[in-house]
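# any chance you can model this:
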Amino acid sequence: MDIKEPTFKVIVKPKSKDDSIIGFDAEKNAYLIHLKAEPRDNKAIIALIKFLSRELHKKVRIKSGFTGKEKVIEAY
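Next comes the predicted model:
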C-alpha cells in the first residue's frame, strides 16, 4: 500500500503479530497499522516511526496523538 500524502492519519494497534500496514479506514480517513511493540515506555511510538521511515523511504514525525491510538504523521 502506497502512502503518498505528506501528512496523514494512522490508527495503531500495538502488540500485534507483525509490523504491517493492514489497510485504509475510509470512515476515519486513516491507515490501519499493526506493530509488534508494546505500548510502554514509548516503544510503540519508536517502532511506528522506524517502520514508516522504512516503508516510505522518508523521515517521519508524529504531529499529534502521542498518547492515543490515532496519530497524525508528517513525512518529509
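# from now on I want contacts and neighbour counts done on CA atoms only, so please keep to that.
Fine.
# pLDDT below threshold where in this structure?
For the chain, the stretches flagged by pLDDT under 70 are 1.
# quick one, helices of it?
Applying DSSP state H to the chain gives helices spanning 43-56.
# can you give me the strands in it?
Secondary structure of the chain by DSSP state E: the strands cover 7-13, 20-25, 30-34, 60-64, 70-75.
# could the ones you listed be laid out in TSV, adding distance to residue 40 and mean neighbour count?
Formatted as TSV, the strands of the chain follow (distance: least, Cα to Cα, whole Å; neighbours: other Cα atoms under 10 Å):
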stretch	distance to residue 40	mean neighbour count
strand 7-13	13	19
strand 20-25	19	15
strand 30-34	15	19
strand 60-64	17	16
strand 70-75	16	18
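# now distance to residue 52 too, for these, in TSV please.
TSV is the format used below for the strands of the chain (distance: least, Cα to Cα, whole Å):
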stretch	distance to residue 52
strand 7-13	11
strand 20-25	9
strand 30-34	10
strand 60-64	7
strand 70-75	9
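# tell me the contacts of residue 37?
For residue 37, the contacting residues are 14-16, 43-44, 47, by Cα atoms under 8 Å, 6 or more residues apart in numbering.
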